[in-house]
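Participant: After the sequence you'll find the predicted model.
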Amino acid sequence: MSARDEADAGRTLPLFPLATVVLFPGVDCPLHVFEPRYRQLTRDARAGAGRIGMVTVRPEHIGDMAGDPPVFPIGCMGDLIRSEDLSDGRINVVLHGTARFRIRDEPARPPDRLYRMARVEDLHETPDDSAEVARRRGRVAAAFERLVRSVAPERAERIGPQRIAALDDPTFVFVLVQILNLPPVERQSLLEANGVGERLGALESILGFQLAALGQRNGDGSDRVH
């Protein structure tokens, strides 16, 4: 076993399952922590490595949030970059997404630990063809600009693609997903996708459907986006 394999196999993370939040690498996520188990998790994370594993609850189990609902096996590790203790015990935190992981298993927890822990393995992306990524990114940026100018022209200068043009390809995708505020299941599918090219392809389809719903057409008069 290589050193990297050993590190991947030995990583443990506290799990923070939520129904509507999907954390992505390179993206900041503010959270308001109020449940006793997640207050404990946050305090323990601050005293330790400062890392939390964000995972999304499967939609059919949202009604089980008070217990330990089943979650999607792929999540995103977040570094605790800011926290503020409130007078009533609640905590405001900001997580910075760093890397995707897959849950291997969840060991039984001792009685004094209220939150879940998991053994996880890091997920490493498959390299993409750079020329194809550039083409897909260009099409996604153009579709996003058309969408913004159609639904929120007053915000086009503030949230348009020019505001994220300088980002690297993976961060461009994840920030754009956050801006679009997609449903949790769609965000989860993009987190699980293997590589930036696959994510750009999925985003292109999503934007195409949204533009088609608005009656937007391409310059040649067609509705196609590929």
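Facilitator: Perfect, I can see it now.
Participant: domains in the chain, as residue ranges please.
Facilitator: For the chain, automatic domain parsing gives the domain ranges 3-122, 130-213.
Participant: Buried residues of the lengthiest helix in the chain, list them for me.
Facilitator: When the chain is parsed with DSSP state H, its longest helix is helix 130-151. Within helix 130-151, the residues scored as buried using 16 or more other C-beta atoms under 10 Å are 133, 136-137, 139-144, 146-148. (Glycine included, C-beta is placed from N, CA and C.)
Participant: now do stretch 86-93
Facilitator: Neighbour-count burial for stretch 86-93 flags 91, 93 (criterion: 16+ other C-beta under 10 Å).
Participant: gap between it and the chain center?
Facilitator: Averaging C-alpha positions (C-alpha atoms, centre = their mean, to the nearest Å) puts stretch 86-93 24 Å from its chain's average.
Participant: Which residue ranges of the chain form helices?
Facilitator: With DSSP H as the criterion, the chain has helices at 3-10, 36-47, 130-151, 156-159, 169-180, 184-192, 196-213.
Participant: Farthest pair within the buried residues of helix 130-151?
Facilitator: V133 and V148 (21.9 Å; C-beta to C-beta).
Participant: related to what we said a few turns ago, same list (the buried residues of helix 130-151) but as TSV, adding pLDDT and distance to D68.
Facilitator: Compiled in TSV, the buried residues of helix 130-151 are given as follows (pLDDT from 0 to 100; distance: C-beta to C-beta, whole Å):
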residue	pLDDT	distance to D68
V133	93	39
R136	94	39
R137	93	39
R139	94	42
V140	93	37
A141	90	41
A142	89	44
A143	91	40
F144	88	38
R146	87	43
L147	87	38
V148	83	40
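Participant: could the residues you listed go into TSV alongside distance to G53?
Facilitator: As requested, the buried residues of helix 130-151 are exported to TSV (distance: C-beta to C-beta, whole Å):
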residue	distance to G53
V133	28
R136	29
R137	29
R139	33
V140	29
A141	31
A142	35
A143	33
F144	30
R146	37
L147	32
V148	33
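Participant: Pretty sure F101 sits against G78.
Facilitator: No - counting by C-beta atoms under 8 Å, F101 sits too far from G78 to count as a contact (10.8 Å).
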